[in-house]
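# Sequence plus predicted model, see below.
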Amino acid sequence: MDVVLINPEDQTAVKNKLGFVLPPLNLMYLGAALERASFSVKIIDDDLRRMGAEGVALLVEKLNPLIVGITATTATIKTSLEYIKAIKRVLPDVLTVIGGPHPTFLPLETLSDCRELDVVVMGEGEETIVELAEGYERGDRGVLEGVKGISYRADERLRTTPPRPLIENLDDIPFPARHLVPFRDYETSSQEAGGMITSRGCVYPCRYCSSSLIMGKKFRFRSPGNVVDEVEELTEIYGLREIAFLDDTFMLHRPRAREIAEEIRRRGLDVSFVTSSRVDMVQEPLLRTLREAGMSTVYYGVESGCQRILDMMKKGITVKQSEDAVKAAKRAGLDVITSFILGYPGERPSEMDRTIDFSIKLDPDYSQYSILTPFPGTPIYTELKSKGLLEEDWDRYTVIQPVIRYEKLGLSRELIQRKLVKAYLKFYSRPSYLLKHTYMIRVFFETLYRTYIEPKIPLRKN
């Protein structure tokens, strides 16, 4: 085996609106790039298998790869490094590589925290992992200094190479290697399992978001034909009829979104799909065109019902635009999902209540709420860290636990958690809502448990 890619067990984060385990799309992209370069690849999704670091290490030892790569969010970084340590104990000569949002923004800190880790990949990894594999296959142990976009350990020193340019033509990237995971074993709807990404990058400066810093501030997108080719693969090879376009801003390039809809119809594909949009990018005729092609649901990042907070976030939208966008989607016959953030620094308790009431006024089909979590790399993280307002216990960076020292802002963490519970209670416990969406009771009680009960349960020591 040439390369083993690992998705770590994640016991801390709310992964999606229903808490399901999803196939690791990022690793499937890396696997596809490696396979195209003629490398043998295995993906171990331990968020599905739940073997733990030692169990995965034993499996990797049998495979005896040249390279082991693992992905990490902020909430899973500690867990990911435990996998690296366990693997190095059984395979001391294997090249250990980590990528993902957290190590992208804290590469040297990540290397310093784990002496068994050899390389951190920053940003897009498809080209980088192939270069690493090609160098190691040749036996070139000096390959690291020539690979762009990494930090690595050499002669007891930590070094960083120049940034890797973004991939300009996304059509050149092979479709995710879904055959590398046990696709049918995931406890999820086909819609979520059929997730795909049609664009990368974001042009907006929201202070709480790191998307544009990971994938660039330039909006890069796949051609409509290339997108629908993957849709066709999902329907014909995997038998899916529900697909989620996971782009941050699917409708940012509206002519392309229209062309995708028209191409789906031209090919006669019978699919239902979900997209996302900023509320200021919505045009009702486009929504109707997408609806005719099979779109069932649109996801809006509303974030706040208070204009002052939206301005502090640098969201670049108005409260009225959110109202208009939801109304337009309903007129087009679409289901609507909205998301909201509570506890933004400087937000008053009364303003959080206004956001909760606003979410109910909008009356979407589903609503998600989270606590402001300043992830490394975001402008709000840099600001709060410089003021000593952050706790950097990464396990708590789950978006449902407060990590800001709210006491120094005249509030309390308990109040913020109560507001989150109140939001879910007030929205999902409405009798009229529950009559229409009975299965959302699961979401409601799961969120209450994870937010209010689970953090108070003492950890058991084996």
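Arrived safely.

# For the stretch 1-150 of the chain, just list every one of the helices.
Counting by DSSP state H, counting those that start in this stretch, one finds helices in the stretch 1-150 of the chain at the ranges 25-36, 46-49, 52-63, 77-90, 101-105, 107-113, 126-137.

# Mind listing what's buried along stretch 389-401?
For stretch 389-401, the neighbour count (16 or more other CB atoms under 10 Å) marks 389-390, 394-401 as buried. Backbone N, C-alpha and C define where each C-beta goes, glycine included.

# Nearest to Thr79 among those residues?
For the buried residues of stretch 389-401, the minimum distance to Thr79 (CB to CB) is 8.4 Å, reached by Asp395.

# That closest one against Glu82, yeah?
No: contact criterion CB atoms under 8 Å: Asp395 and Glu82 do not qualify, at 11.7 Å.

# Pop the domain breakdown of this protein in here.
For the chain, automatic domain parsing gives the domain ranges 3-160, 189-456.

# quick check: mean pLDDT across the longest one?
This means domain 189-456. Domain 189-456 shows a mean pLDDT of 91.

# which parts of whichever strand or helix holds Lys361 are buried?
For Lys361, the host element (DSSP states H and E) is helix 349-362. By 16+ other CB under 10 Å, the buried positions in helix 349-362 come out as 351-356, 358-359, 362.

# between the helix ranked longest in the chain and helix 349-362, how many degrees?
Criterion DSSP state H: the longest helix present in the chain is helix 413-428. Between helix 413-428 and helix 349-362, the angle comes out at 20 degrees (axes from the mean of the first three to the mean of the last three CA atoms, to 10 degrees).

# Quick one: list the elements packing against the next helix or strand after helix 413-428.
As assigned by DSSP H and E, the chain's next helix or strand after helix 413-428 is helix 431-436. Packing partners of helix 431-436 (3 or more CB pairs under 8 Å, 6 or more residues apart in numbering; DSSP states H and E): helix 440-448.

# what sits against Met196?
25, 176, 227, 230-231, 234, 243-246 (CB atoms under 8 Å, 6 or more residues apart in numbering).

# Can you add distance to Arg266, neighbour count and secondary structure and give those back as TSV?
Shown next, in TSV, are the contacts of Met196 (distance: CB to CB, whole Å; neighbours: other CB atoms under 10 Å; DSSP: H, G, I helix; E, B strand; the rest coil):
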residue	distance to Arg266	neighbour count	secondary structure
Leu25	26	14	helix
Pro176	24	24	coil
Val227	13	24	helix
Glu230	16	17	helix
Val231	12	23	helix
Leu234	17	22	helix
Ile243	17	27	strand
Ala244	22	23	strand
Phe245	18	22	strand
Leu246	23	18	coil
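
# quick check, nearest of these to Leu108?
Closest approach to Leu108 among the contacts of Met196 (CB to CB): Leu25, at 27.2 Å.

# Give me the pLDDT for that closest one.
For Leu25, pLDDT reads 93.

# which residue ranges form the helices in the stretch 201-350 of the chain?
211-215, 224-236, 254-266, 284-293, 307-313, 319-331, 349-362.

# JSON lines please, covering those and showing distance to Lys148.
Shown next, in JSON lines, are the helices of the stretch 201-350 of the chain (distance: least, CB to CB, whole Å):
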{"stretch": "helix 211-215", "distance to Lys148": "16"}
{"stretch": "helix 224-236", "distance to Lys148": "25"}
{"stretch": "helix 254-266", "distance to Lys148": "29"}
{"stretch": "helix 284-293", "distance to Lys148": "38"}
{"stretch": "helix 307-313", "distance to Lys148": "33"}
{"stretch": "helix 319-331", "distance to Lys148": "40"}
{"stretch": "helix 349-362", "distance to Lys148": "42"}
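
# among these, which is nearest Met1?
Among the helices of the stretch 201-350 of the chain, the nearest to Met1 by CB to CB is helix 224-236 (25.5 Å).

# Output the closest one as PDB, nothing but the C-alphas.
Listed next in PDB are the C-alpha coordinates belonging to helix 224-236 (Å, rounded to 0.1, in the frame of the first residue of the first chain):
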ATOM      1  CA  PRO A 224     -21.800  23.200 -15.700                       C
ATOM      2  CA  GLY A 225     -21.100  20.200 -17.800                       C
ATOM      3  CA  ASN A 226     -18.400  18.900 -15.300                       C
ATOM      4  CA  VAL A 227     -20.800  19.400 -12.400                       C
ATOM      5  CA  VAL A 228     -23.600  17.500 -14.100                       C
ATOM      6  CA  ASP A 229     -21.200  14.700 -15.100                       C
ATOM      7  CA  GLU A 230     -20.700  14.100 -11.400                       C
ATOM      8  CA  VAL A 231     -24.400  14.300 -10.700                       C
ATOM      9  CA  GLU A 232     -24.900  11.700 -13.400                       C
ATOM     10  CA  GLU A 233     -22.200   9.500 -11.800                       C
ATOM     11  CA  LEU A 234     -24.000   9.700  -8.500                       C
ATOM     12  CA  THR A 235     -27.300   8.700 -10.000                       C
ATOM     13  CA  GLU A 236     -26.100   5.900 -12.400                       C
END
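
# And it, what does it pack against?
Counting contacts by 3+ CB pairs under 8 Å, 6+ apart, helix 224-236 is packed against strand 195-196, helix 254-266.

# how about a cut-off of 6 Å?
Using 3 or more CB pairs under 6 Å, 6 or more residues apart in numbering; DSSP states H and E, the elements in contact with helix 224-236 are helix 254-266.

# List of residues touching the helix it packs on?
By CB atoms under 6 Å, 6 or more residues apart in numbering, the list of residues contacting helix 254-266 from outside reads 221, 224, 227-228, 251, 286, 289-290, 293.

# Which of these sits closest to Leu269?
Val228 (7.3 Å).

# Pull the contacting residues for the closest one.
The contact partners of Val228, by CB under 6 Å, 6+ apart, come to 263-264.

# Distance of it relative to Gln283?
Distance, Val228 to Gln283, by CB to CB, to the nearest Å: 21 Å.

# Same question for Ser432.
Here the criterion is CB to CB. By it, Ser432 lies 30 Å from Gln283.

# With neighbour numbers in mind, choose between the two.
Higher neighbour count among Ser432 and Gln283: Gln283, with 15 against 8, using other CB atoms under 10 Å.

# Identify, from the buried residues of stretch 389-401, the entry nearest to Asp113.
Asp113 has its nearest neighbour among the buried residues of stretch 389-401 in Trp394, at 10.0 Å by CB to CB.

# which residues touch that closest one?
With CB under 6 Å, 6+ apart, Trp394 has these contacts: 74, 77-78.

# that older thread, next, format the contacts of helix 254-266 as JSON lines and append distance to Ser277.
Output for these, formatted as JSON lines (distance: CB to CB, whole Å):
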{"residue": "Phe221", "distance to Ser277": "14"}
{"residue": "Pro224", "distance to Ser277": "17"}
{"residue": "Val227", "distance to Ser277": "16"}
{"residue": "Val228", "distance to Ser277": "19"}
{"residue": "Met251", "distance to Ser277": "4"}
{"residue": "Leu286", "distance to Ser277": "9"}
{"residue": "Thr289", "distance to Ser277": "13"}
{"residue": "Leu290", "distance to Ser277": "10"}
{"residue": "Ala293", "distance to Ser277": "15"}
